[in-house]
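Peer 1: how does the following fold in three dimensions:
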Amino acid sequence: MRNHLESTGNWLYYERIIFAEENFLQRKFGREFTDWAKKTRIFLPKFNSWKRPARPFSLRMVLKREHTTFFLIILLFFAMEETASFITIGSFELDPMWLMLLAVGTAQYMLFRMFKKHTRFLKTPAKLEQEIKCTLTI
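Peer 2: You can find the predicted model right below:
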């Protein structure tokens with residue numbers, strides 16, 4: 001029952017995200033998005049239609065933009081686990097593994113937030129170069 005509840009919760013979570021993103025993209029791009037969506041699968045990609053992206057992958061950019069999302073996903077799964085535990089047992093039973101995961105996620109969130117606000121660690125080389133040019137012109 002518990003795994004079924006988690007699977008259903010995960011499906012509903014992703015289905016809502018897909019629905020919201022598709023509506024946003026439809027409003028923003030119109031027919032161009034509709035044409036793209038007709039030939040693009042949601043979950044299983046067609047590898048023969050893959051094209052190399054214009055920009056190279058940047059782990060710094062991912063960490064800078066997605067640290068909040070990562071934390072919220074951990075928080076959501078923790079809440080779902082505790083809700084399922086409450087439904088099945090009738091009381092809250094805090095699992096040490098989930099508490100540890102929540103603690104690590106919280107520490108990660110705070111660390112990357114500090115990096116983003118107070119250091120240059122998460123700045124891409126292009127941003128650093130732009131800052132140096134601005135400093136030199138002043």
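
Peer 1: so which helix or strand takes in E66?
Peer 2: Per DSSP states H and E, E66 falls inside helix 59-89.

Peer 1: helices and strands around that helix, which ones?
Peer 2: helix 2-29, helix 96-118 (3 or more C-beta pairs under 8 Å, 6 or more residues apart in numbering; DSSP states H and E). (Glycine included, C-beta is placed from N, CA and C.)

Peer 1: export the ones you listed to a markdown table and tack on distance to F47, mean pLDDT and mean neighbour count?
Peer 2: Formatted as a markdown table, those follow (distance: least, C-beta to C-beta, whole Å; pLDDT from 0 to 100; neighbours: other C-beta atoms under 10 Å):
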| stretch | distance to F47 | mean pLDDT | mean neighbour count |
| --- | --- | --- | --- |
| helix 2-29 | 21 | 86 | 11 |
| helix 96-118 | 32 | 92 | 13 |
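
Peer 1: among these, which comes closest to M80?
Peer 2: For M80, the closest of these is helix 2-29, at 5.3 Å, according to C-beta to C-beta.

Peer 1: would you mind getting the angle between the closest one and helix 59-89?
Peer 2: Relative orientation of helix 2-29 versus helix 59-89 (axes from the mean of the first three to the mean of the last three C-alpha atoms, to 10 degrees): 140 degrees.

Peer 1: which strands and helices lie in contact with whatever helix or strand comes next after helix 2-29?
Peer 2: Along the chain past helix 2-29, the next helix or strand (assigned with DSSP H and E) turns out to be helix 31-39. Counting contacts by 3+ C-beta pairs under 8 Å, 6+ apart, helix 31-39 is packed against helix 2-29.

Peer 1: which strands or helices does the helix it packs on pack on?
Peer 2: Against helix 2-29 (3+ C-beta pairs under 8 Å, 6+ apart) you get helix 31-39, helix 59-89.

Peer 1: quick one: those helices as TSV, columns for mean pLDDT too.
Peer 2: Shown next, in TSV, are those (pLDDT from 0 to 100):
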stretch	mean pLDDT
helix 31-39	91
helix 59-89	90
